[in-house]
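>>> structure, please.
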Amino acid sequence: MCGIIGIFGSEANKEFDLKVLSHRGPDGSNVWKSSEHESPVILGHTRLSVLDTSASGSQPMISDDGRYVLVFNGEIYNFIELRSEMKKRSEVFRSDSDSEVLLKGLITEGPSFLLKCNGMWAFCLWDRKEQTALFGRDRFGEKPLYYASIGNSSFIFCSEMKGIYKYLSKVKPVDNIKLFLENIFDYESTDYCVVEGIKRFLPGSYAYLKNRRLTISRWWNTLDHLPLPPNNYEDQVSIWRDIFLDAVKIRMRSDVPIGTALSGGLDSSAVFSAMAHLAEGGKLTDRASINWANAYCAHFPGSSLDELSWAEKVTDSFGLSLNKVKIDPETCGWDLLQALFSVEDPYMTLPFPMLATYKGISNSGVKVTLDGHGCDELFSGYGHLNAAYETATPSQLAELKAIQNSIYSGEYRESNNPKTQHVIEKLKTKSRPIRMFLKNKILQRSAGRFLNWPDNSFRNDDLLNESFRRFDPLTKELYILYHHSVLPTLLRNYDRYSMASGVEIRMPFTDYRLVTFTFSLPWTSKVGGGYTKRILRDSLKGIIPDEVRLRRSKIGWNAPLHEWLKGFLSREIEILLDDSQAAVCAKNALKKFKNIASPTFNDGQKLWKILLPYLWSCSLTRCERPH
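Predicted coordinates:
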């Protein structure tokens, strides 16, 4: 895992500084520059040493014949298998790294080689002979890649937007920033960015740059790779379990210690329990880290959001210890503007808990975590179950409503509320007006929500795809959450949270084999038996401790803003607020909040939504250079 940056054109002859990406690659940095007889090109790399920590794994990596130069950020988890295949074709390797596997694969097969790769990546491959750059991103956008045109003669790319800032004439929000702030989940799967002049390469795409002309193509679409699953649910469970365990197993490949950010929720507990299960059963693969049992839990002493006791149930069940990372905004290592600058994009949650957790992990000597991100979007972790009403049988409707309520209450019981029962009875009779209302609402969520964005081609391709059209309504909803709204946003955020302290996150729930199989299943395999995430719970019976496996309540990884804004954080914000009209609005909202005797979590979130536009703009303008 690393930071990559490069410039093509006259700007490549100017001063080049990698310090802006040093947090992504604290173990070393290197630069490759074209000769004076070539077009001006400079490629930079900051290294987080995970696989082949020797100098032979360093980048920029040059091909044996000197023609190609690669800078790569990510991991190819099945690199051992791919390298074995290449050796049969008489390929010779100089390193034990996955970077060299990617380099040789791209040289011999071009972008089609990416279909063989299981991993996460963003890369640039420069062909010195053809004077052409090839860029690529992984299937779901786990690893970021941004770009911009500089003046009339240069092109720059970088792992983070802040690496491009110094080359812009001015760093400022895009003119329609209000659209981004009001639709915070709806732009990450587009090429639009919150900073003027910067764009992103799309997930699952590759691009060629030649003579400053960029040609972008899509190499991955989940809808084109759906398998035909067995009809029998027990067979589905067996297949899902095998894929998940293998997804965890290959992500344990590392030459350095690995761990888990463990909340005690189902998702992260599934990952850590699978790691323990594989290790105890002697089922680890080649190059798996022997130092894997490092679990870390964000600890909010005395807060309603603290889940320490749940995380301890998981580690205790395996006789392992839990590392507690106490979260305190006053001592977490970032001030508010630095924290917002680190994560770059505005978001609905204060980033202190996540930044502090991965900083604590890094400080303990762990560079890699296997985390549970992506599971909620696969399995409706936060609800969205009304999308299933359209195709539910009469006997399933009351159960769906009870499951939805249990996410917040922690208890499963069918409601006796007369109003709720009236709706259910109407649905049971298949009242056409109600069902048509629900169907139209689902279609609006699927297609209409993105109409504010000028270019919908990436999503429209999916919405018009025949496989998508055949999905049941809930699976349609989940597909959009996973590919076009919530998950792409979270992947971006967690890349920044972790890499701010030089920690790499690996996510088994983004293994393409698991994703394609899960989206091939009917919604009844994902929700049922009184639970969300049905097939996950059933697949890992006997692996996750039952108390956690059958846990119903759901607490997202959030900051206890409602508590912090009563103390230190409010004082820091008051110092930042000036006399502008935007600040006056924020001041009034903060003052009103402080008058609430016992604010709730929702009160804190409402205030943050008002404060965010002003504070984020301040972070951008006051932190234009790395701190």
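>>> can you pull out the helices in the stretch 201-350 of the chain?
Remark: helices assigned in the stretch 201-350 of the chain by DSSP state H, counting those that start in this stretch are 233-251, 266-280, 308-317, 336-343.
>>> and the second one, what does it pack against?
Read that as helix 266-280. Here helix 266-280 touches helix 233-251, strand 258-261, helix 308-317, strand 368-370, helix 375-379, helix 534-539, helix 546-549, going by 3 or more Cβ pairs under 8 Å, 6 or more residues apart in numbering; DSSP states H and E. For glycine as for every other residue, the C-beta is placed from the backbone atoms N, C-alpha and C.
>>> of all the ones you listed, which one is nearest residue 473?
With Cβ to Cβ as the criterion, residue 473 lies closest to helix 375-379 of the helices and strands packed on helix 266-280, at 15.3 Å.
>>> now stretch 149-158: buried residues?
For stretch 149-158, burial by neighbour count (16 or more other Cβ atoms under 10 Å) applies to 149-150, 154-158.
>>> next one: stretch 364-375
By 16+ other Cβ under 10 Å, the buried positions in stretch 364-375 come out as 366-375.
>>> now residue 291. Nearest residue, chain neighbours left out?
residue 257 (4.0 Å; Cβ to Cβ, 6 or more residues apart in numbering).
>>> and the gap between the one you found and residue 367?
Per Cβ to Cβ, to the nearest Å, residue 257 is found 7 Å from residue 367.
>>> how about TSV for the helices and strands packed on helix 266-280, with distance to residue 580 and mean pLDDT added?
TSV is the format used below for these (distance: least, Cβ to Cβ, whole Å; pLDDT from 0 to 100):
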stretch	distance to residue 580	mean pLDDT
helix 233-251	47	98
strand 258-261	38	97
helix 308-317	41	94
strand 368-370	40	98
helix 375-379	38	93
helix 534-539	48	97
helix 546-549	48	94
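>>> closest one to residue 267 among those?
Nearest of these to residue 267, taken as Cβ to Cβ: helix 375-379 at 3.9 Å.
>>> from the middle of its chain, how far away would that closest one be?
Centre-to-centre, helix 375-379 and its host chain are 12 Å apart (Cα atoms, centre = their mean, to the nearest Å).
>>> number the chain from 172, please
Fine by me, first position is 172 from now on; the one you just mentioned is helix 546-550.
>>> after it, next one along is what?
Remark: after helix 546-550, the chain's next helix or strand is helix 565-580, criterion DSSP states H and E.
>>> buried stuff in that following helix?
567-578.
>>> remind me, longest helix of this structure?
helix 772-793 (DSSP state H).
>>> so what does that one touch, helix or strand wise?
Going by 3+ Cβ pairs under 8 Å, 6+ apart, helix 772-793 lies up against helix 348-353, helix 507-514, helix 732-735, helix 739-747, helix 752-765.
>>> redo those as TSV? Include mean neighbour count, distance to residue 785 and mean pLDDT.
Output for the helices and strands packed on helix 772-793, formatted as TSV (neighbours: other Cβ atoms under 10 Å; distance: least, Cβ to Cβ, whole Å; pLDDT from 0 to 100):
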stretch	mean neighbour count	distance to residue 785	mean pLDDT
helix 348-353	15	11	91
helix 507-514	21	11	94
helix 732-735	22	16	85
helix 739-747	14	8	87
helix 752-765	15	5	88
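>>> how close does the residue nearest to residue 462 sit to residue 464?
Per Cβ to Cβ, residue 428 is found 10 Å from residue 464.
>>> and if you look at residue 418?
Taking Cβ to Cβ, one finds residue 418 at 19 Å from residue 464.
>>> tell me which of these two has more neighbours.
residue 418 (24 against 19; other Cβ atoms under 10 Å).
>>> tell me the contacts of that one?
By Cβ atoms under 8 Å, 6 or more residues apart in numbering, the contact set of residue 418 is 679-680, 682, 684-685.
>>> which two of those have the greatest separation?
Spanning the widest gap among the contacts of residue 418 are 680 and 684, at 11.3 Å by Cβ to Cβ.
>>> who has more neighbours out of the two?
residue 680 (26 against 16).
>>> tell me how many other residues surround residue 252.
When neighbours are defined as other Cβ under 10 Å, residue 252 has 16 of them.
>>> that one belongs to a helix?
Yes - assessed with DSSP: H, G, I helix; E, B strand; the rest coil, residue 252 lies in a helix.
>>> how much space is there between it and residue 276?
Relative to residue 276, residue 252 is positioned 12 Å away (Cβ to Cβ).
>>> cool, residue 355 as well?
Computed as Cβ to Cβ, the residue 355 to residue 276 distance reads 36 Å.
>>> so for the two, which sits in the more crowded spot?
Applying other Cβ under 10 Å to residue 355 and residue 276 shows that residue 276 carries more neighbours, namely 22 against 17.
>>> what about the closest residue to that one other than its chain neighbours, how many residues nearby?
Spatial nearest neighbour of residue 276, excluding adjacent residues (Cβ to Cβ, 6+ apart): residue 284 at 3.8 Å. Residues near residue 284, counting by other Cβ under 10 Å, number 18.
>>> residue 284 in helix, strand or coil?
Residue 284 - assigned by three-state DSSP - is helix.
>>> name the nearest of the contacts of residue 418 relative to residue 492.
residue 679 (22.6 Å).
>>> count of residues packed around the closest one?
Taking other Cβ under 10 Å as the definition, residue 679 ends up with a neighbour count of 28.
>>> thinking again about what came up before, which one of the contacts of residue 418 is nearest to residue 230?
Checking the contacts of residue 418 against residue 230 with Cβ to Cβ, the nearest one is residue 682 at 24.9 Å.
>>> per-residue confidence at that closest one?
Per-residue confidence (pLDDT) for residue 682: 98.
>>> quick check: closest non-adjacent residue to it.
Once flanking residues are discounted, residue 682 sits nearest to residue 418: 3.6 Å by Cβ to Cβ, 6+ apart.
>>> also residue 281?
Nearest non-adjacent residue to residue 281 (Cβ to Cβ, 6+ apart): residue 305, at 7.7 Å.
>>> relative to residue 264, how far out is the residue lying closest to residue 265 once chain neighbours are set aside?
Leaving aside its sequence neighbours, residue 265 sits nearest to residue 227 (Cβ to Cβ, 6+ apart; 5.8 Å). The spacing between residue 227 and residue 264, counted by Cβ to Cβ, is 9 Å.
>>> just residue 215 next, same as before
Applying Cβ to Cβ, the value for residue 215 to residue 264 is 24 Å.
>>> please say which of these two ends up with more neighbours.
Set side by side, residue 215 and residue 264 show more neighbours around residue 215, with 25 against 15, by other Cβ under 10 Å.
>>> wait, a helix at that one?
No - using three-state DSSP, the secondary structure at residue 215 is strand, not a helix.
>>> I'd say it and residue 186 touch.
No - with contact defined as Cβ atoms under 8 Å, residue 215 does not reach residue 186; the gap is 12.0 Å.
>>> spatially, what comes nearest to residue 435 if we skip its sequence neighbours?
Leaving aside its chain neighbours, residue 435 sits nearest to residue 481 (2.5 Å; criterion: Cβ to Cβ, 6+ apart).
>>> contacts only, for the one you found.
434-436, 440, 719, 722.
>>> now the helices for the stretch 522-671 of the chain?
523-534, 546-550, 565-580, 589-599, 603-618, 628-634, 637-641, 644-654, 657-670.
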